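What follows is a predicted protein model with its sequence.
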Amino acid sequence: MLANEQVREGHCEYCGTEVEARMMEQWFFRTTAYADELLDSMGEIKWPERILAMQRHWIGRSHGAEIVFRIDELAVDVPVFTTRADTLFGATFFVIAPEHPLVEQLAERSPRGDEIRAYAKVAGAKRGEERAAAVEKTGVDTGFHATNPVNGERLPIWVADYVLMEYGTGAVMAVPAHDERDYEFARKFGLPVRTVVASADGEPPEEGAYSAHTDDERLVNSDRFSGLSAPEGANAIVEWLEGQGKGKPAVSYRLRDWGFSRQRYWGCPIPVVYCDACGIVPVPESELPVLLPEIDDYRPHGEAPLAQAVDWMRVPCPGCGGEGRREADTMDTFVDSSWYFLRYCDPRNDEAPFDREIVDYWCPVDQYTGGVDHAVMHLIYARFFMKALNDIGLVGFREPFRKFFANGWVQLGGSKMSKSKGNVLGPDELIDMYGADALRLYMLFIGPADQDMEWTESGIEGMTRFVRRLWRAVGEVAERAPADGPIGGPLARKAHETIARVTDDIGRRESFNTAIAAVMELLNELAPRTDDPAARFAAESAVGLIQPYAPHLAEELWATLGHERLWEQPWPVHDPAMLVHDTFELVVQVNGKVRDRFEVPADTPENELIERAKASPRVQAHLDGKTVRKAIVVPRKLVNLVV
RNA sequence: GCCGGGGUGGCGAAAUCGGUCAAACGCGCCUGACUUAAAAUCAGGUGUCCCCUCUGGGGGCAUGAGGGUUCGACUCCCUCCCCCGGCACCA
């Protein structure tokens, strides 16, 4: 049992054994039952668009129709899924996937059965990437026919590798005039191409499949449906088919059920027992969890590793008490990561995985941070799990993570640091040189935390400088006696502004780099005037605000200022009154270009602002004697004079 | 090809609802102070082009390219180019 990436040119990368695909019995979670909800409840969670986009695509919901084609020779009906029912009259052949069960039935009745089987075996054996990478489509004509329900045409049935068994029904109606893949195939095998949607000017497309929807498109060559627009035509055709019992609207998903059986040692045992008399019997709740047995060899040898624990495998059937056998497969470890955060809420519970009341108190998780690499596996499985757990009454919510923050990667030499690339820079050495606080500050300062960052070491010296400057300034402040009375002035104002800005940057904007910049600005104000009456307040603010980034430093400085246990202190709060200015700098523009700026009282009425703007000598110079046609006033900001 | 994110000084970046000469904060660089010297530290300067009565002052141009909307655009709209990430025969 190998993972895809362990296969090297058809052989095991370790022992060289040839790899073959085998059918296996597996356990599945019915994730597809939640496909719609996984899409539709995305509005309830605050996640980055790129993650949601990946999940949307992973689920891959598309609306269309299921249309039934009749194979007279076998007396069977074969459904196909299509999003382009409007092109049904353009179908000129019919294709089934190499793995389609019909292939064998057709081969049995065909004089060329061996040829069909041989093709299907070779084509079906090619997996995923190999099949997609194939330059040319291949296929074989079965000699049988499928009847188009809309016009009774008998279409040749082909087996081809470009049709996937995993999607839709594993069979397609081929409309080469309006589908690029069908077109390519038709060209290669000389199959007819019939245009059934054309723009009103009657110009048929020259080459290739015409698939774009345009405003003036109309159905053509489509009998009684000709003349309708493509969407109208699709509806009308599906409606007609439905009346005949030969089709209906349908939704198809890319999402598959989650096969979670693994032939590995490390994973939760799947708690079922096989009994010859009772069949598959779940292990009773009182015997859960089933623990992994101790084994000597973790590697699979044609069987899952647990099969070697023969004593463990042998177990009485919970149903009849007779001889039973455990499941040797273990669960995908993504099963564990789908709910581990629930166990965190109640980690010492030895009666159950968790207590619902406790979990409902703490969860859903308010803020979850991780890498984008989990976008479609862990993050979608966990969402599925919460919905399923809620349905069976184990939790009181349906989404695990209210907010998700996807942090960027540190890059070195233009590519993501990774062990396989050998460009990993360990933090230990940097921590030894600069300290954990300076390193953390620097990594968050270097750029937006949700974007990748290129590692450069030169900048961290600057952060060390900042740390030292803060240390020194706080030390100077601490040596002076605290000022008496109310504190005010520009430094106090700056401190309040910084508190407001950092609080918003961290709490709402997730803009961690600008929060650090704001504290740097405050320090630039504080450092030259540690004897200012507001210096102590400014220093305490700076220390409190830098604490999430540099907890050790902040704690030390807090002690220097004569306090204890900063981590127990509430987050700094600014005084809104300190942010109110009684004057503001009025910007005067002429035709949108700034020509002058001066301080005016905050309560200056609009007409006076305009008068003072016009009176400015600099503005006069640019007005050039022309009359002001219009004046736009933005309160507390600017006046724009239009001439 | 489709989807998502980007493109702003020498570099990392900022500009939060269309409104303060776009570039905060930091790196780098330049000048100066301290020093025998260097490092460290401190002070000042640093988009670009041009003009003037030049220890100062004034103006033009600048946010990937080109158009548009607007009194006003890094911000909104259209077309295109480039970079990064994801998906990729999904009918």
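Received the coordinates, thanks.

got the buried residues for stretch A:268-276?
Across stretch A:268-276, burial judged by 16 or more other C-beta atoms under 10 Å covers A:268, A:269, A:270, A:271, A:272, A:273, A:274, A:275. All C-beta spots, glycine's among them, are computed from the backbone N, C-alpha and C.

Where does the stretch 501-643 of chain A get nearest to RNA strand B, which residue?
residue A:592 (2.8 Å; C-beta to the nearest atom of the strand).

Would you mind identifying the next helix or strand past the lowest-mean-pLDDT helix or strand in chain A?
The weakest-scoring helix or strand in chain A, judged by mean pLDDT, DSSP states H and E, is helix A:128-133 (a mean of 60). As assigned by DSSP states H and E, the chain's next helix or strand after helix A:128-133 is strand A:139-147.

what distance separates the very next helix or strand once past that next one from the centre of its chain?
Following strand A:139-147 in sequence order, the next helix or strand is strand A:154-160 (DSSP H and E). Distance of strand A:154-160 from the chain centroid (C-alpha atoms, centre = their mean, to the nearest Å) equals 39 Å.

likewise stretch A:53-65?
That offset, for stretch A:53-65, works out to 13 Å (C-alpha atoms, centre = their mean).

Same question for stretch A:547-562.
37 Å.

And the contacts of it?
A:435-438, A:440-441, A:444, A:467, A:470-471, A:474-475, A:477-478, A:506, A:512, A:516, A:536, A:539-540, A:543-544, A:546, A:564-567, A:569 (C-beta atoms under 8 Å, 6 or more residues apart in numbering).

give me phi/psi at the residue in chain A that RNA strand B sits nearest to?
With C-beta to the nearest atom of the strand as the measure, residue A:462 is the residue of chain A nearest to RNA strand B, at 2.4 Å. Main-chain torsions, residue A:462, degrees, to the nearest 10: phi -60, psi -40.

For residue A:67, give its distance to residue A:82.
6 Å (C-beta to C-beta, to the nearest Å).

Which neighbours do these two have in common?
What both residue A:67 and residue A:82 touch, as defined by C-beta under 8 Å, 6+ apart, is the set A:88, A:173.

quick one: the host helix or strand of residue A:536 to chain centroid distance?
Following DSSP H and E, one finds residue A:536 within helix A:535-546. Taking the mean of its C-alpha atoms, helix A:535-546 sits 39 Å from the chain's own mean (C-alpha atoms, centre = their mean).

and what of stretch A:474-490?
Mean C-alpha position of stretch A:474-490 versus that of the full chain (C-alpha atoms, centre = their mean) differs by 49 Å.

Say whether RNA strand B is contacted by that stretch.
No. Interface with RNA strand B: stretch A:474-490 contributes nothing (C-beta under 7 Å from any atom of the strand), its closest point being 12.0 Å away.

so where is chain A shaky, pLDDT-wise?
A:3-9, A:127-134, A:200-215, A:413-423, A:425, A:485 (pLDDT under 70).

Domain ranges for it, per the record?
Using automatic domain parsing, the domain parsing of chain A gives A:62-252, A:418-577, A:581-642.

that older thread, name whatever forms a beta bridge with the nearest residue to the residue of the stretch 501-643 of chain A closest to RNA strand B once chain neighbours are set aside.
Leaving aside its chain neighbours, residue A:592 sits nearest to residue A:640 (6.2 Å; criterion: C-beta to C-beta, 6 or more residues apart in numbering). Residue A:640 has these beta-bridge partners by DSSP bridges: residue A:589, residue A:632.

quick one: contacts for residue A:640?
A:588, A:589, A:590, A:591, A:592, A:631, A:632, A:633, A:634.

Output those as TSV; include the columns neighbour count.
Converted to TSV, the contacts of residue A:640 look like this (neighbours: other C-beta atoms under 10 Å):
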residue	neighbour count
A:588	24
A:589	20
A:590	25
A:591	11
A:592	9
A:631	16
A:632	12
A:633	16
A:634	12
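
Looking at those, which one is closest to residue A:304?
residue A:634 (70.8 Å; C-beta to C-beta).

before we move on, back to that, will you turn the domains of chain A into a markdown table that also has distance to residue A:21?
A markdown table is the format used below for those (distance: least, C-beta to C-beta, whole Å):
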| stretch | distance to residue A:21 |
| --- | --- |
| domain A:62-252 | 6 |
| domain A:418-577 | 27 |
| domain A:581-642 | 68 |
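
Where does the residue of chain A positioned farthest from its centre sit: helix, strand or coil?
For chain A, the largest distance from the centre (C-alpha atoms, centre = their mean) belongs to residue A:625, which lies 59.8 Å off. Of the three states, residue A:625 takes coil under DSSP: H, G, I helix; E, B strand; the rest coil.

Residue A:360 and residue A:390 touch, don't they?
No. Contact between residue A:360 and residue A:390 fails when scored by C-beta atoms under 8 Å: they sit 10.5 Å apart.

one step back: from the contacts of stretch A:547-562, which land in helices?
Counting by DSSP state H, these place A:436-438, A:440-441, A:444, A:467, A:470-471, A:474-475, A:477-478, A:506, A:512, A:516, A:536, A:539-540, A:543-544, A:546 in helices.

Pull out the buried members of these.
Applying 16+ other C-beta under 10 Å to these flags A:437-438, A:440-441, A:444, A:467, A:470, A:474, A:477-478, A:506, A:512, A:516, A:536, A:539-540, A:543-544, A:546 as buried.

just so I have it, where are all the helices in the stretch 201-350 of chain A?
A:230-244, A:310-313, A:334-337, A:340-345 (DSSP state H, counting those that start in this stretch).

nearest to residue A:177, of those helices?
helix A:230-244 (12.7 Å).

can you give me phi and psi for the nearest residue to residue A:102 once chain neighbours are set aside?
Residue nearest to residue A:102 in three dimensions, not counting chain neighbours: residue A:96, with 5.6 Å by C-beta to C-beta, 6+ apart. Per-residue torsions, residue A:96: phi -120, psi 150 (degrees, to the nearest 10).

residues in contact with residue A:96?
Residue A:96 touches A:78, A:102, A:103, A:157, A:158, A:159, A:160, A:163, A:170, A:171, counting by C-beta under 8 Å, 6+ apart.

at 6 Å instead, please
Shown in contact with residue A:96 (C-beta atoms under 6 Å, 6 or more residues apart in numbering): A:102, A:159, A:171.

The last one against residue A:80, yeah?
It stands for residue A:171. Yes. Using C-beta atoms under 6 Å, residue A:171 is in contact with residue A:80, at 5.0 Å.

Which residues of the stretch 351-500 of chain A lie near RNA strand B?
Going by C-beta under 7 Å from any atom of the strand, the residues of the stretch 351-500 of chain A near RNA strand B are A:372, A:375-376, A:415, A:445-448, A:451-454, A:456, A:458-459, A:461-463, A:465-466, A:468-469.

Give me the three-state assignment for residue A:411.
Residue A:411 - assigned by three-state DSSP - is strand.

rewinding a little: how about TSV for the contacts of residue A:96, with distance to residue A:231 and neighbour count added?
Converted to TSV, these look like this (distance: C-beta to C-beta, whole Å; neighbours: other C-beta atoms under 10 Å):
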residue	distance to residue A:231	neighbour count
A:102	31	20
A:159	32	26
A:171	24	20
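
of the residues you listed, closest to residue A:57?
residue A:171 (23.7 Å).

nearest spatial neighbour of the closest one, skipping sequence neighbours?
residue A:96 is the one closest to residue A:171 (C-beta to C-beta, 6+ apart), at 4.5 Å.

What number of residues are in the vicinity of residue A:266?
Counted by other C-beta atoms under 10 Å, the residues lying close to residue A:266 total 11.

how far away is it from residue A:330?
For residue A:266 relative to residue A:330 (C-beta to C-beta), the value is 7 Å.

again with residue A:398
Residue A:398 is 28 Å from residue A:330, by C-beta to C-beta.
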